[in-house]
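Undergrad: following is a predicted model, sequence given first.
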Amino acid sequence: MQIYDVVIIGAGPAGLAAAIQCRENNLDVVVLDEFPRAGGRLLGQLHQEPNGQWWNGIEESKALLERAESLETDIQLGVSVHHIEKLDDQFVIHTKKKYFHTRNVLIATGAAESPAPIPGWTLPGVMSIGAAQVMTNVHRVKVGEKGIIVGVNVLSAAIARELQLAGIELHSMALPTRNVVVDEQSDPRLVMDRLSRIAHLAPSKFIQLGSKFAKYKFVQSLALKYYPTNGIKMWGMPIYLNKAIKQINGTDKVESVTMVDVTINGDIVENSEKEIPVDFVCIAGGLYPLAELAAVVGCPFIYSEELGGHIPIHNETMETPVKGIYVAGNITGIESSKVAREQGKVAGLAIAHKELNSIDIEEKLQAAVRNVVATRDAASIQFHPGISEGRKKVSTAFQETMKTQKELELVR
């Protein structure tokens, strides 16, 4: 029976970066991913950075994959993992293909979308914004002729531009009407506050300048009160904070949406319904960490709104309180692919250091930890406000958990 040094679950930027570090230190590694192509969410990404350079996710994933393959990394795609079993001295990874035995596990499963429910959202032609991104950028399938995006956030703003670059017409981007599931996403005040953090990426210098003042609450309230009826345009597409989508209409497929005016508190203005003809709708409800596998193996969690949901507790070297279990990428909090890649390097070096106990690896590990912080600080896009505060909470939770574990061991 083969026992691997490490099994890496997820072939995205975090998983591939970790595999490279492990293989450079001659560890026996296998990378598993349920998708037929390696790269994870990198495969769908294409955007322009503030410095004018383009971030091409397909090229970035290609570079990581080529390096991993040059090191003869065992990468098995189309393999779904459904359970991690903890034994005394190893873990057993249960997949649809076979069992994998290993001393260490890196869970780099990324994130999943949480689309907002809207009446009519089960019609053909309605999809999550991430699905539209993958269909367009990965599979080269045109999702429709003219559509609308429901949900105004960092993710929808970035992908909207990608759809436009593919020649797809977008009518606008608007809020969902309020319900118990999308209360925050339908609140113009909260959406304005979050948008102010990415306004520096807008093509309009006027919007960029305004973002410097938009951090003040009274300025946000004033801006919402006098928000243009026709929206504020980015790349020629109106972004509405004073209009919302009430319903998606159609018989056998999407034919139109019902748009309504809303107040600065998100309340529907009576008799303001207007039907907008479209043939597809993208729903953008945000991302949350895909952390089920960490839960089944016994990792403790902490809820962090700043990081996007329930996060497996871990330290700065990506190790959880369950010895031998590591996490990296969006499972640790919703951030950019660049941060995920750097976290993967940290996790790979941490596993190599544990297995080899090398001073040279330890020095590289500490440098990699510092690089994660530097990459985070330099990020042009932050999916949630207060990421640094969220990271501090997770670090504190790890220290407290380890202290409790030691106290319990002493009692025994």
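TA: Arrived safely.
Undergrad: just the helices in the stretch 151-300 of the chain please.
TA: Assignment of helices within the stretch 151-300 of the chain using DSSP state H, counting those that start in this stretch yields the ranges 154-165, 188-195, 205-211, 217-225, 292-296.
Undergrad: wait, what's in contact with the closest residue in space to residue 145 that isn't next to it in sequence?
TA: Using CB to CB, 6 or more residues apart in numbering and skipping residues adjacent in sequence, the residue nearest residue 145 is residue 279, 5.5 Å away. (Glycine included, C-beta is placed from N, CA and C.) Residue 279 makes contacts with 125, 144, 145, 146, 147, 253, 254, 255, as judged by CB atoms under 8 Å, 6 or more residues apart in numbering.
Undergrad: pick out the most distant pair among the residues you listed.
TA: Using CB to CB, the pair of these lying farthest apart is 146 and 253, separated by 13.2 Å.
Undergrad: who's residue 85 bridged to?
TA: Each beta-bridge partner of residue 85 is listed here: residue 92, as defined by DSSP bridges.
Undergrad: hang on, it packs against residue 100?
TA: No - the pair residue 85 and residue 100 fails to qualify as a contact (CB atoms under 8 Å) at a distance of 10.6 Å.
Undergrad: shared neighbours, those two?
TA: Overlap between the contact sets of residue 85 and residue 100, as judged by CB under 8 Å, 6+ apart, is given by 92, 93.
Undergrad: thinking again about what came up before, show the pLDDT at the residue nearest to residue 145.
TA: Looking at residue 279, its pLDDT reads 96.
Undergrad: okay, residue 50: pLDDT?
TA: At residue 50 the predicted local confidence, pLDDT, stands at 61.
Undergrad: what are the ranges of the helices in the stretch 301-412 of the chain?
TA: Per DSSP H, counting those that start in this stretch, the stretch 301-412 of the chain carries helices over the ranges 337-356, 359-377, 387-411.
Undergrad: tell me how many other residues crowd residue 348.
TA: Residue 348 sits with 34 neighbouring residues when counted by other CB atoms under 10 Å.
Undergrad: and it, how close does it get to residue 84?
TA: Using CB to CB, to the nearest Å, one gets 19 Å for the distance from residue 348 to residue 84.
Undergrad: okay, and the helix or strand of this protein with the least pLDDT?
TA: The helix or strand with the lowest mean pLDDT-type score in the chain, counting by mean pLDDT, DSSP states H and E, is helix 205-211 (a mean of 43).
Undergrad: take the helices of the stretch 301-412 of the chain and write them to JSON lines, including distance to residue 106 and mean pLDDT.
TA: Shown next, in JSON lines, are those (distance: least, CB to CB, whole Å; pLDDT from 0 to 100):
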{"stretch": "helix 337-356", "distance to residue 106": "5", "mean pLDDT": "96"}
{"stretch": "helix 359-377", "distance to residue 106": "14", "mean pLDDT": "94"}
{"stretch": "helix 387-411", "distance to residue 106": "17", "mean pLDDT": "90"}
